[in-house]
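> My questions are about this predicted structure, shown below with the sequence.
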Amino acid sequence: QVQLVESGGGVVEAGGSRRLSCAASGRSFSTYVMAWFRQAPGKEREFVARISWNGNIIDYADFVQGRFTISRDNAKNTGYLQMNSLKIEDTAVYYCASSPHAGYAAVNYDYWGEGTQVTVSS
């Protein structure tokens with residue numbers, strides 16, 4: 001079992017930065033894929049980024065365009081999403097997810113946090 005708790009959300013001006021954290025409990029997290037998804041009002045949950053257990057494989061959604069960086073510190077059982085050059089359209093609830101083996105689809109992830117709201121203002 002893995003439990004995930006996101007933090008770091010809030011209100012940020014367009015063009016600003018924000019770092020989200022995902023604190024995990026459970027020894028398995030360090031061997032699992034970790035990903036970030038987001039869901040804006042009225043839209044489906046969408047893939048943002050994922051990182052393999054050892055950080056060797058990292059993937060981003062096209063809309064990230066070099067603005068976000070996913071990372072993890074297995075010694076601290078924590079994952080991160082550094083978001084720079086934020087746009088109004090980045091406003092969403094951001095979720096951390098984890099699973100032994102998973103790709104880009106939310107349905108493939110077994111463990112989820114409750115989410116943290118990021119609001120980008122003009």
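Happy to help now that I have it. Numbering: from 1, shown residues only.

> Centre-most residue in this protein?
Nearest to the mean C-alpha position of the chain, counting by Cα atoms, centre = their mean, stands residue 36 at 2.4 Å.

> Would you mind listing the buried residues in whatever helix or strand it lives in?
Using DSSP states H and E, residue 36 maps to strand 33-39. For strand 33-39, a neighbour-count test (16 or more other Cβ atoms under 10 Å) marks 33, 34, 35, 36, 37, 38 as buried. Quick note: C-beta positions are derived from backbone N, CA and C, even for glycine.

> Backbone torsions only: list them for residue 53.
As for residue 53, its main-chain torsions (degrees, to the nearest 10) stand at phi -60, psi -30.

> about what we covered before: quick one: average pLDDT of the strand holding residue 36?
For strand 33-39, mean pLDDT is 98.

> Pull up the pairing partners for it, direction included.
strand 46-51 (antiparallel), strand 92-99 (antiparallel) (DSSP bridges).

> so how far is that strand off the chain centroid?
4 Å (Cα atoms, centre = their mean, to the nearest Å).

> what do you get for stretch 104-114?
Per Cα atoms, centre = their mean, the centroid offset for stretch 104-114 relative to its chain is 11 Å.
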